[in-house]
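K.L.:
coords please:
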Amino acid sequence: MSKIIVYQVLPRLYGNRNLTRKPKGTIEENGCGKLNDFTDKELNNIREKGVTHVWYTGVIRHATKTSYSAYGIPQCHPAVVKGQAGSPYAISDYYDIDPDLAVDVNSRMAEFEALVARTHKAGMKVIIDFVPNHVARQYKSLFQPEGVKGLGDDDDLTQGFSPQNNFYYCPGEQFSPYFDLYAGEAEPYHEEPAKATGNDHFDSRPGMNDWYETVKLNYGVDYYAGGIGFFNPVPDTWSKMLAILDFWASKGVDAFRCDMAEMVPSAFWTWALGRLKAKHPEVKIIGEVYNPSLYRTYIASGFDYLYDKVGMYDTLRSVICSGQSATAITGAWQATDDIADHMLYFLENHDEQRVASDFFAGCAFKAIPALAVSLLLRRNPFMLFEGEEYGEKGMDAEGFSGRDGRTTIFDYWSIDTLCRASKFQLTPEETRLSQIHSRLIGIARNETAVSEGDFFDLMYVNPWSDSFNPNRHYTFLRRSGNTLLVVLANFDAQPASVRINIPAHAFDYLRIPEGPQTATELLTGEKSTFHLAKDGAIAASAPAYGVSVYKITF
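P.N.:
Here you go, the predicted model:
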């Protein structure tokens, strides 16, 4: 099985070549990428990066300040929209495509269906977001299937909580947040009774730092009474959300990235995912879960992959930025060793700061050893974010999204490196970075020792010495069939010239024959001779902030 490589793109940004980049600019001023920008040629370019799955972020219609009332789409009140473009996670119709992304707004669903077909034709699979925990405050579906009622249509508004309600309420109270409800309009935004806010804020007065543009969905958990679950009979929300998953899977969507999955009870996931996979057995489910104590519960509920954010990502970031010892990587993989194939590794996504930003490494090359570890350590998937391969800095102050080292999800904008890459105007350094990404991804995908093989961590037999620094060097083995890979990642600013001890246990566990062997370094093509002996050592080197991957074929 080939290793899964996910490439996250925001179509709003990805294909936009407008260089105006006015802070808080409108769609007319700053432009907007379209689904049709993903042409056959563009998708082939993405596939050639080694990508197997494209995660199209923000394709479902969400709250925005841009008016599409001429097309029969209700206008959102700007007081409850973040940014000009709006958050892709404030869904306003689960059954519709975002009109910003359409060349012909009236044909937006057909344009999405054509994108799915083109992606499949290019040999890749399609991932979209499923946002189960919350919706936009003014959610109103225009396209829900016949027989499916709208969210909240039958709610009892006199009850703060009822197991069959779709939302949570503050009976007798108006929505009264700590900010202006006019936002330049003649009439203020009005909501009565107030609904609970998406980040589990259960009163009528959310603050600016809350997810105030969203309302929390009710899966039968009474948070007013301490989180008691009422799951029999099946809550109405469960059936409505399963219908949404089935709708998109029936359109050829291959996988769902489930936003804040841990804020939705695992009982729902067990119920829904079992039914979804019975009808669509090939569909994969990726969960945004940050609490390690819940990982195994959600995998048992039907998730195929979970974010490894607070484990591997946070550890690698600390090794890069804070001088944490590279030995901590061992603890990070050991914490999820029993579920290793289910963990999704990454260095960037829309929530995290860009590696090259001033808030992270400041230079994308410093993360090359972390990239190698993320790609080569285990068999599990790896995720890449648009422009990461070119060292995109994310240091723009786009509008609602300030200068925070992240690429905006709220504003109309274009991405500098992607614009220049499309015109072959990358700097030599950006081109070199992209080539390193492609080579490492190629190794991860094409070497069965990585995608299918066994793993052996060598750090426990390589303590500090004149010839090895475990604080800055990390080394491990991968083995499949007659192939052995020796990986040395160097997190130091100085080139590494080391001796790597290989214990007898590794020879026995991986069935490594002793004796002289020719080793080819896969990034440079250079050959050397390793004298393999139980409890012996081999001489290896790696460039500053770099990696060496030695391949031995027995």
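K.L.:
who's in contact with residue 148?
P.N.:
240, 243 (Cβ atoms under 8 Å, 6 or more residues apart in numbering). Backbone N, C-alpha and C define where each C-beta goes, glycine included.
K.L.:
so how far is residue 242 from it?
P.N.:
Distance, residue 148 to residue 242, by Cβ to Cβ, to the nearest Å: 10 Å.
K.L.:
now residue 542
P.N.:
From residue 542 over to residue 242 the distance is 49 Å, taken as Cβ to Cβ.
K.L.:
swap in residue 486?
P.N.:
When residue 486 is compared with residue 242 (using Cβ to Cβ), they lie 47 Å apart.
K.L.:
can you check residue 552 too?
P.N.:
With distances taken as Cβ to Cβ, residue 552 is found 50 Å from residue 242.
K.L.:
repeat for residue 207
P.N.:
The span separating residue 207 from residue 242 equals 33 Å under the rule Cβ to Cβ.
K.L.:
next: residue 255.
P.N.:
Counting by Cβ to Cβ - residue 255 and residue 242 are separated by 16 Å.
K.L.:
more neighbours: those two, which one.
P.N.:
Set side by side, residue 255 and residue 242 give different neighbour counts by other Cβ atoms under 10 Å, the larger being at residue 255 (22 against 19).
K.L.:
partners of the more buried one in the sheet?
P.N.:
Beta bridges link residue 255 to residue 127, residue 284, judged by DSSP bridges.
K.L.:
so what's it up against?
P.N.:
With contacts defined as Cβ under 8 Å, 6+ apart, the neighbours of residue 255 are 53, 125-127, 283-286, 304.
K.L.:
compare those and tell me which is most surrounded.
P.N.:
Of all the contacts of residue 255, residue 286 has the most neighbours under the rule other Cβ under 10 Å, reaching 26 neighbours.
K.L.:
contacts for the helix or strand hosting it, please.
P.N.:
For residue 286, the enclosing helix or strand under DSSP states H and E is strand 284-287. Under the criterion Cβ under 8 Å, 6+ apart, residues 6, 127, 254-258, 261-262, 273, 298, 302-307, 344 lie in contact with strand 284-287.
K.L.:
in strands only, show me these.
P.N.:
Mapping these onto strands (DSSP state E) picks out 6, 127, 255-258, 305-307, 344.
K.L.:
now do the residue nearest the centre of the chain against residue 4, distance only.
P.N.:
Compute the mean C-alpha point of the chain, and by Cα atoms, centre = their mean the closest residue is residue 349, 5.0 Å away. Using Cβ to Cβ, one gets 15 Å for the distance from residue 349 to residue 4.
K.L.:
so what's the residue nearest to residue 188 when sequence neighbours are not counted up against?
P.N.:
Using Cβ to Cβ, 6 or more residues apart in numbering and skipping residues adjacent in sequence, the residue nearest residue 188 is residue 181, 3.9 Å away. Contacts for residue 181 (Cβ under 8 Å, 6+ apart) come out as 79, 175, 188-190.
K.L.:
out of the residues you listed, which comes closest to residue 48?
P.N.:
Within these, proximity to residue 48 (Cβ to Cβ) peaks at residue 79, which comes in at 44.8 Å.
K.L.:
which of the three states applies to that closest one?
P.N.:
For residue 79, the reduced secondary structure class is helix; criterion used: DSSP: H, G, I helix; E, B strand; the rest coil.
K.L.:
let me know how buried it is, in neighbour terms.
P.N.:
One way to gauge burial is a neighbour count; for residue 79, by other Cβ under 10 Å, it gives 20.
K.L.:
can you tell me how far it sits from residue 190?
P.N.:
Residue 79 sits at a distance of 10 Å from residue 190 (criterion: Cβ to Cβ).
K.L.:
what about residue 228, how many neighbours?
P.N.:
12.
K.L.:
quick one: contacts for the closest residue in space to it that isn't next to it in sequence?
P.N.:
Taking Cβ to Cβ, 6+ apart as the measure, residue 228 lies nearest to residue 222, with 4.7 Å between them; neighbours along the chain are not counted. When contacts are counted by Cβ under 8 Å, 6+ apart, residue 222 is found next to 161, 163, 228-230.
K.L.:
can you say which of these are buried?
P.N.:
For the contacts of residue 222, a neighbour count by 16 or more other Cβ atoms under 10 Å gives the buried set as 161, 163, 230.
K.L.:
wouldn't the last one be in contact with residue 219 here?
P.N.:
In other words, residue 230. No. With contacts defined as Cβ atoms under 8 Å, residue 230 does not count as touching residue 219, sitting 9.6 Å away.
K.L.:
helices along this structure, start to end?
P.N.:
Under the criterion DSSP state H, helices of the chain are mapped to 11-14, 27-30, 40-48, 108-121, 236-249, 266-279, 295-300, 314-321, 328-334, 368-376, 416-422, 428-446, 448-451, 504-510.
K.L.:
which residues touch the second one?
P.N.:
Helix 27-30 is contacted from outside by 16, 18, 20-22, 66, 84-85, 100, 411-414, using Cβ under 8 Å, 6+ apart.
K.L.:
what subset of the residues you listed is buried?
P.N.:
When burial is judged by neighbour count using 16+ other Cβ under 10 Å, the buried members of the contacts of helix 27-30 are 16, 18, 21, 66, 84-85, 100, 411-414.
K.L.:
between those residues, which is nearest residue 197?
P.N.:
The shortest gap between residue 197 and any of those belongs to residue 85, at 20.7 Å (Cβ to Cβ).
K.L.:
who's in contact with the closest one?
P.N.:
Taking Cβ under 8 Å, 6+ apart as the definition, contacts of residue 85 comprise 12, 27, 32, 64-66, 100, 410-412.
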